[in-house]
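K.L.:
Sequence and predicted structure below; questions after.
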Number of protein chains: 2
Amino acid sequence: MTLDDCRALDAQDPLAALRDQYILPKGVIYLDGNSLGVLPKAAPARIAEVVAKEWGEGLIRSWNSAGWFDLPQRLGDKVGRLIGAAPGEVVCTDSTSINLYKVLFAALSQQAATGRKLVVSERSNFPTDLYIAESMCRERGFTLKLIDASELPAVLTDEVAVLMLTHVNYRTGAMHDMKAITAAAHAAGVLTVWDLAHSAGAVPVALNDSDADYAIGCGYKYLNGGPGAPAFAWVHARHADKFVQPLSGWWGHAAPFEMTPHYRPAAGVSRYLCGTQPIVALAGLECGLDTVLAAEPLGGMAALRKKSLALTDLYIQLVEQRCGGHGLSLVTPRAHAERGSQVCLSRAEGAYAIVQALIARGVIGDYRAGDDQAPDILRFGFTPLYLGFEDVWNSVEHLLQVLETADWKRAEFNAKNAVT
Amino acid sequence: MTLDDCRALDAQDPLAALRDQYILPKGVIYLDGNSLGVLPKAAPARIAEVVAKEWGEGLIRSWNSAGWFDLPQRLGDKVGRLIGAAPGEVVCTDSTSINLYKVLFAALSQQAATGRKLVVSERSNFPTDLYIAESMCRERGFTLKLIDASELPAVLTDEVAVLMLTHVNYRTGAMHDMKAITAAAHAAGVLTVWDLAHSAGAVPVALNDSDADYAIGCGYKYLNGGPGAPAFAWVHARHADKFVQPLSGWWGHAAPFEMTPHYRPAAGVSRYLCGTQPIVALAGLECGLDTVLAAEPLGGMAALRKKSLALTDLYIQLVEQRCGGHGLSLVTPRAHAERGSQVCLSRAEGAYAIVQALIARGVIGDYRAGDDQAPDILRFGFTPLYLGFEDVWNSVEHLLQVLETADWKRAEFNAKNAVT
């Protein structure tokens, strides 16, 4: 595999034109779209319009005239097209952590009468998921049981109320088989809560086809909604109109402007709204969603997935071909069915400094610290919407140069000896 | 009182120049800043900068380089200057409803060991406050007791755990004496939770001087932060480092980037953070806050309060002087100590149609429906930052014309016979 081969792949790439939807900084190869997505070209003008026209001129009238009231549901339907959900099943609102609180609360409420007392999650799940679950379990008389993925499905006994998993692991890029795990959970009487933070817009997700129960996800990673963009929440139709929403604010009321003193939840997923939503932030999210939906005529998430796997396959191949002997190990699964849209490497020393040296060269990935159970990680996200095969070649070339020229040792030295 | 008298008052107004901080639509007299504040002139450029430079160019690096991590605390300190709180005591985050959930949860947790089982609030409180409290009480074994303000302080028995009040009533504009009520509550062993949605930036608030326990408030009303701007939360220093945060997300962790599996709350009010915050929305909020803080060299909230009372006094006087015999009744208290920054009128019929006819003329107030216990309301907010005495005269002139020419009857007819 050569640079010319990579250029040839780009020339044949049916998705290559999608990159023109974004403003990418010059000199940057951005491998961190799994942390914060890039800026859609449409976003600055759309956000400026919302600020100047809808807020500035329309003022309070824009709740009706600019359609602000319906934004969470309207954008939710757009998200739904990316995650295998039907119209009316998703709302865009609040943050991922808060939405997780809502859906976990709902799932535990449903299981309250069963006497099941365990919430099962992965030890390597994203911390905020574990923190939310830990507090809620303590408060509501459940126990949070942390497992390794290898313990599934054996751990799903009749003591388990809820299985809470992140579909694609933030550290390793390992992906669960949502359909098989959900089937195993249901066979054991367990409800499933899925965190799609590293899935929505990154890999095909089929919530209804997988028969999942609850799901939440992030707007500012692969959906390119902007820093801290509103998140989303989904609930299966069989639970709609029945689930409990603990954050029972007026926006989730069946008739918010009747201003009645008692709470009456809205039908369906709309009850997952709580307070007034950030309208400007929702406008940014819509621009991001539209850039992902622009792939629909080109094959949609299936086509994006095909390219994503080609990019990550290529990255793995080139690292092994060109950076052998430099102590890097592959953390992300090789099997396509088990891989998200990122590649993670580990190294016995220098992982942080290597990432810093790469960033100094414009190759932006990120570092995730290890602990006694897991190594330090160099994490690289590959977003097929705006990355090409030459980008992959160049990012490996930079990695090789950092390793060979010991850039990272200088970065490490500088970090340790910084004048503060 | 004549139009010329009003113009003379404007000419002498030491705060008149503050109006230049905003972009106000032509032909509009905006009396709805208590629902959605107006657009600061600085906001479009600042928001554009955050979008294009911080998000678009800085990307993930902006968490550090653009100071995104500290925004909730940095803006919280600005809010603190307006509500009598010390630096480090306030964070800007999430929505008002969600922040109320956090502080009410914390207060109930503190009282759990006392066996007190009542949460007391006003029947006329803003619905979302009642909805949040209603669900939480049911979930946690408390009872929500709704009262009229006249029952205070007698209702504060040793069965009451928490008194949850909105400082300035959204419907009537009636203001509580925070210090006296808090003292009565504490004397009875009751913790206080204050909603400052219609207070922050509208009236002087002295949280520490009043010895309050918990408070939350809104960013998009008198703070001019933009539609759905992040809200704020405050906790008294004596509760800091001890209170429970149910929404225990990673942003409220003592060391979020250690990514440890167990939750360890951050010190002080920072634990009220949960998930990733909307950075663009926070930038809008900061522009709004800065316009209110710009009054500090001119006397700050005390000077704004003086002008606010002069504006609302004038409005009441002119309505009575010029619109007598048209069936309007004053709902808002006349006594300065009991009045927020709005004037509410009631009328046996046509309140909705009158507000609509005024809006058609560019005088934007709002309508709040009544029920069997309260009349329909015409609600007018007076924001001394951008309203003058001539605006008050003109708004009453329009009201008079609507009443005299029966504009409102035409508006009502049109509403009832709209082609849909």
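P.N.:
The structure has been received and is ready for your questions. Residues are numbered from 1 along each chain as shown, chains lettered A, B, ... in the order given.

K.L.:
Number of residues surrounding A:His262?
P.N.:
11 (other Cβ atoms under 10 Å in any protein chain shown). For glycine as for every other residue, the C-beta is placed from the backbone atoms N, C-alpha and C.

K.L.:
Distance of it relative to chain B?
P.N.:
Look at A:His262 and chain B: by Cβ to the nearest Cβ, to the nearest Å, they are 7 Å apart.

K.L.:
isn't that residue right up against B:Leu130?
P.N.:
Yes: applying Cβ atoms under 8 Å as the test, A:His262 and B:Leu130 come out as touching, 7.5 Å apart.

K.L.:
what does the stretch 151-300 of chain A put close to chain B?
P.N.:
A:220, A:226-231, A:245-251, A:253, A:256-263, A:274-282, A:284 (Cβ under 8 Å from any Cβ of the partner chain).

K.L.:
care to break chain A down by domain?
P.N.:
A:3-30+A:300-416, A:45-293 (automatic domain parsing).

K.L.:
Out of the ones you listed, the one nearest B:His198 is which?
P.N.:
Checking the domains of chain A against B:His198 by Cβ to Cβ gives domain A:45-293 as the closest, at 14.1 Å.

K.L.:
and the closest one, average pLDDT?
P.N.:
The pLDDT scores in domain A:45-293 average 97.

K.L.:
re the thing from before, pipe the domains of chain A into TSV and attach distance to B:Gly115 per row.
P.N.:
Shown next, in TSV, are these (distance: least, Cβ to Cβ, whole Å):
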stretch	distance to B:Gly115
domain A:3-30+A:300-416	42
domain A:45-293	18
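
K.L.:
out of those, deepest packed?
P.N.:
Most buried of the domains of chain A, by mean neighbour count (mean count of other Cβ atoms under 10 Å in any protein chain shown): domain A:45-293, with a mean of 22.

K.L.:
which element is A:His186 on?
P.N.:
helix A:178-187 (DSSP states H and E).

K.L.:
And the next helix or strand past that helix?
P.N.:
strand A:191-195.

K.L.:
How far does the helix holding A:His186 sit from its chain's centre?
P.N.:
Relative to its chain's centre, helix A:178-187 lies at 21 Å (Cα atoms, centre = their mean, to the nearest Å).

K.L.:
Tell me what angle it forms with strand A:191-195.
P.N.:
For helix A:178-187 against strand A:191-195, the angle by axes from the mean of the first three to the mean of the last three Cα atoms, to 10 degrees is 150 degrees.

K.L.:
Give the other helices and strands that helix A:178-187 contacts.
P.N.:
strand A:160-166, strand A:191-195, helix A:207-210 (3 or more Cβ pairs under 8 Å, 6 or more residues apart in numbering or on different chains; DSSP states H and E).

K.L.:
Okay, now the sheet partners of the first one, with direction.
P.N.:
In the sheet containing strand A:160-166, the strands it pairs with under DSSP bridges are strand A:118-122 (parallel), strand A:191-195 (parallel).

K.L.:
now those strands as TSV including distance to B:Val190?
P.N.:
Formatted as TSV, the strands paired with strand A:160-166 follow (distance: least, Cβ to Cβ, whole Å):
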stretch	distance to B:Val190
strand A:118-122	35
strand A:191-195	37
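
K.L.:
quick one: average confidence on stretch A:344-362?
P.N.:
94.

K.L.:
Just the CA trace of it, in PDB.
P.N.:
Presented in PDB, the C-alpha positions along stretch A:344-362 are these (Å, rounded to 0.1, in the frame of the first residue of the first chain):
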ATOM      1  CA  CYS A 344      -7.100   2.700  19.500                       C
ATOM      2  CA  LEU A 345      -3.500   1.900  20.100                       C
ATOM      3  CA  SER A 346      -1.600   1.300  23.300                       C
ATOM      4  CA  ARG A 347       2.000   1.700  24.100                       C
ATOM      5  CA  ALA A 348       3.900   0.800  27.300                       C
ATOM      6  CA  GLU A 349       5.200   4.400  27.600                       C
ATOM      7  CA  GLY A 350       4.800   7.800  26.000                       C
ATOM      8  CA  ALA A 351       1.200   7.500  24.900                       C
ATOM      9  CA  TYR A 352       0.300  10.900  26.200                       C
ATOM     10  CA  ALA A 353       3.400  12.500  24.700                       C
ATOM     11  CA  ILE A 354       3.000  10.900  21.400                       C
ATOM     12  CA  VAL A 355      -0.500  12.200  21.100                       C
ATOM     13  CA  GLN A 356       0.700  15.700  22.100                       C
ATOM     14  CA  ALA A 357       3.500  15.500  19.400                       C
ATOM     15  CA  LEU A 358       0.900  14.500  16.800                       C
ATOM     16  CA  ILE A 359      -1.300  17.400  17.800                       C
ATOM     17  CA  ALA A 360       1.600  19.800  17.400                       C
ATOM     18  CA  ARG A 361       1.900  18.500  13.900                       C
ATOM     19  CA  GLY A 362      -1.800  19.000  13.200                       C
END
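
K.L.:
Check the offset of it from the chain's centre.
P.N.:
With Cα atoms, centre = their mean, you get 23 Å for stretch A:344-362.

K.L.:
ok, is it in contact with chain B or not?
P.N.:
Yes: remark: stretch A:344-362 sits within contact range of chain B at A:Ile359, by Cβ under 8 Å from any Cβ.

K.L.:
Contacts for the longest helix seen in chain A, please.
P.N.:
If you go by DSSP state H, chain A has its longest helix at helix A:300-322. Applying Cβ atoms under 8 Å, 6 or more residues apart in numbering or on different chains, the contact partners of helix A:300-322 are A:1, A:6, A:9, A:13-15, A:82, A:201-205, A:292, A:295, A:299, A:328, A:330, A:332, A:334, A:336, A:339, A:341-343, A:345, A:380, A:382-385, A:387, A:389, A:392-393, A:395-397, A:399-400.

K.L.:
Please list the members of those that lie in strands.
P.N.:
Among those, the subset assigned to strands under DSSP state E consists of A:330, A:342-343, A:345, A:380.

K.L.:
Could you point out which of the residues you listed is nearest to chain B?
P.N.:
Using Cβ to the nearest Cβ, A:Phe380 comes nearest to chain B of the ones in strands among the contacts of helix A:300-322, at 12.4 Å.

K.L.:
about what we covered before: which of the contacts of helix A:300-322 fall in helices?
P.N.:
Judged by DSSP H, helices contain the following of the contacts of helix A:300-322: A:6, A:9, A:82, A:292, A:389, A:392-393, A:395-397, A:399-400.

K.L.:
of those, closest to B:Ala161?
P.N.:
Of these, the one sitting nearest to B:Ala161 (Cβ to Cβ) turns out to be A:Leu82, at 44.8 Å.

K.L.:
Can you pull the phi and psi angles for whichever residue of the stretch 201-350 of chain A sits closest to chain B?
P.N.:
Proximity of the stretch 201-350 of chain A to chain B (Cβ to the nearest Cβ) peaks at A:Gly275, 2.9 Å away. A:Gly275 adopts backbone torsions of phi -100, psi -170, taken as degrees, to the nearest 10.

K.L.:
what sits against it?
P.N.:
Neighbouring residues of A:Gly275 by Cβ under 8 Å, 6+ apart: A:249-251, B:94-98, B:128, B:231.

K.L.:
Point out the other elements, helices or strands, that the strand or helix carrying A:Phe232 touches.
P.N.:
Assigned by DSSP H and E, A:Phe232 belongs to strand A:231-235. Contacts defined by 3+ Cβ pairs under 8 Å, 6+ apart place strand A:231-235 against helix A:71-83, strand A:90-93, helix A:96-111, strand A:214-217.
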